[in-house]
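> The sequence isn't on hand, but the structure is:
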């Protein structure tokens, strides 16, 4: 259960760079959560061929 003292750590993995507008919308939604939320984004890359 989330409450004001909770700390939620999120990682977004995406195959392509995320659009600035999408990130701003995400930030707006996360700011409405009843807890602190930290978000990191990471571009998912394909495994290198061997």
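Noted; the coordinates are in hand. Not measured: the values here are computed from a predicted model.

> now the strands: where do they sit in the protein?
Using DSSP state E, the strands of the chain run over 7-14, 36-43.

> Out of those, which gets nearest to residue 28?
Between residue 28 and these, the tightest spacing by CB to CB is seen for strand 36-43, at 11.9 Å. (Each C-beta comes from the backbone N, C-alpha and C, glycine too.)

> Give the burial count for residue 44, as a bare number.
Neighbour count for residue 44, taken as other CB atoms under 10 Å: 9.

> quick one: strands adjacent to the helix or strand bottoming out on mean pLDDT in the chain?
Scoring the helices and strands of the chain by mean pLDDT, DSSP states H and E places strand 36-43 at the bottom, with a mean of 88. Here strand 36-43 has these sheet partners by DSSP bridges: strand 7-14 (parallel).

> Need the pLDDT of residue 48.
The predicted local confidence for residue 48 comes out at a pLDDT of 61.

> picking that back up, can I get the strands of the chain in TSV including mean neighbour count and distance to residue 24?
As requested, those are arranged in TSV below (neighbours: other CB atoms under 10 Å; distance: least, CB to CB, whole Å):
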stretch	mean neighbour count	distance to residue 24
strand 7-14	11	14
strand 36-43	12	12
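
> Including distance to residue 28, could these go into a markdown table?
Putting these into a markdown table (distance: least, CB to CB, whole Å) gives the following:
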| stretch | distance to residue 28 |
| --- | --- |
| strand 7-14 | 15 |
| strand 36-43 | 12 |
